[in-house]
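In: show me the folded form of this:
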Amino acid sequence: MTASVADKRPRSVPTRDVGAVALTSGRLSAWRRNHPEWLALLIAAGAWVLLGGLLSATAGHHHGGPAGSYDQHLTVWVAMVPAMMLPTTLPHLRYVGFATQAARTQRSVLLFSLGYGAVWLLLGLVVAAVPQPLTGWPLALVVAAAGGWEVSRIKGRALKRCCRTWPVRYTGPAADASAVEFGLRHGAACLLVGGPAMIALMLAGHPWWAAVTLFAVMLGQKLITAPQRWSVAVALGFAAVAVAVAGTAVFD
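Out: This is a model prediction of the structure:
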């Protein structure tokens, strides 16, 4: 009887286990301090999961012409923007995180992200009203226009502005305002960089393979040195897709 009761008593955790837990916790805290962008990227990952579910749910409707309501189109856009565009702001997320007080790092990062997303939301409110998906010649023209935009001077200048930063205050209401302002400014520049391509993707019915390909292209344009060197190749890729779409319209 005494032995069975003793067996039920809580046992003390060995010292080495406590030390291992403390060491792991310390490493995790240090990693989070060195990667202030972690929460924004976690949101982007969740947006990819949501986007995948939305695309799977609507895939069966895209073969019979325009489908879905305005709210459904806008929901897809709201999922697409953080999934595809927020990871491209990685250097700016880190800049904001390190520029502000440690106790408010994630607050500033989230405010920057909200400002950035607000700019894209304004475009989404318009794009969601367009009947979609487009097919045939209308879609071919939209894709061709997105390809032409890739080699335009406006796109080139906007891409350079994407590499710039904006002063972010250290603490207080000024820090909140500056984080939002930086997000708005950076979002406006990014809108000129990837807006036409995102519009083309949306009006094409956002096929998953095109979403993944475009995400890789935009990630490279924002994070790789001298992305202008392969802007012609990207434009030619859009042109090839436009020709393929036009070809299907001719044979249909």
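In: helices of the stretch 151-252 of the chain, start to end?
Out: In the stretch 151-252 of the chain, the helices defined using DSSP state H, counting those that start in this stretch lie at 153-161, 173-203, 208-223, 231-251.
In: the ones you listed: which one's closest to L93?
Out: helix 173-203 (9.9 Å; C-beta to C-beta). C-beta coordinates here come from the backbone N, C-alpha and C atoms, glycine included.
In: quick one, which of the helices of the stretch 151-252 of the chain is packed in tightest?
Out: Compared across the helices of the stretch 151-252 of the chain, helix 173-203 shows the largest average neighbour count, a mean of 21 (mean count of other C-beta atoms under 10 Å).
In: helix 231-251 and that helix, what's the angle between them?
Out: Helix 173-203 and helix 231-251 are oriented at 40 degrees to each other (axes from the mean of the first three to the mean of the last three C-alpha atoms, to 10 degrees).
In: give me the angle between helix 173-203 and helix 208-223.
Out: Here helix 173-203 runs at an angle of 140 degrees relative to helix 208-223 (the same axes, to 10 degrees).
In: which neighbouring elements make contact with helix 173-203?
Out: Packed against helix 173-203 by the contact rule (3 or more C-beta pairs under 8 Å, 6 or more residues apart in numbering; DSSP states H and E) you find helix 70-84, helix 90-99, helix 105-127, helix 136-149, helix 153-161, helix 208-223.
In: may I see the buried residues of the second one?
Out: I take that to be helix 90-99. By neighbour count on 16 or more other C-beta atoms under 10 Å, the buried set for helix 90-99 is 90, 92-97, 99.
In: so which of those residues is the closest to F238?
Out: L90 (24.7 Å).
In: quick one, phi/psi of the closest residue to that closest one other than its chain neighbours?
Out: Leaving out its chain neighbours, the residue that sits closest to L90 by C-beta to C-beta, 6 or more residues apart in numbering is E37, at 5.9 Å. Torsion angles at E37 (phi, psi; degrees, to the nearest 10) stand at phi -80, psi 0.
In: please report how far E37 lies from V143.
Out: Computed as C-beta to C-beta, to the nearest Å, the E37 to V143 distance reads 32 Å.
In: who has more neighbours out of the two?
Out: V143 (29 against 24; other C-beta atoms under 10 Å).
In: got a list of what the residue nearest to that one when sequence neighbours are not counted touches?
Out: Nearest residue to V143 in three dimensions, chain neighbours excluded: A242, at 4.2 Å (C-beta to C-beta, 6+ apart). By C-beta atoms under 8 Å, 6 or more residues apart in numbering, the contact list for A242 reads 140-141, 143-144, 147.
In: most neighbours, which of the residues you listed?
Out: V143 (29 neighbours).
In: quick one, what contacts that residue?
Out: Contacts of V143 by C-beta under 8 Å, 6+ apart are 200, 204, 238, 241-242, 245.
In: recalculate using a threshold of 6 Å.
Out: 200, 238, 241-242 (C-beta atoms under 6 Å, 6 or more residues apart in numbering).
In: okay, the helices and strands packed on helix 173-203 in a markdown table with mean pLDDT next?
Out: Listed next are these as a markdown table, based on pLDDT from 0 to 100:
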| stretch | mean pLDDT |
| --- | --- |
| helix 70-84 | 94 |
| helix 90-99 | 94 |
| helix 105-127 | 96 |
| helix 136-149 | 94 |
| helix 153-161 | 91 |
| helix 208-223 | 91 |
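In: from the buried residues of helix 90-99, which is closest to P227?
Out: Closest to P227 out of the buried residues of helix 90-99 is L90 (14.4 Å), distances taken as C-beta to C-beta.
In: for T135, give its distance to A233.
Out: Counting by C-beta to C-beta, the gap from T135 to A233 is 26 Å.
In: also A179?
Out: For A179, the distance to A233 - C-beta to C-beta - is 35 Å.
In: now do the buried residues in stretch 105-117.
Out: For stretch 105-117, by 16+ other C-beta under 10 Å, it's 105-106, 108-113, 115-117.
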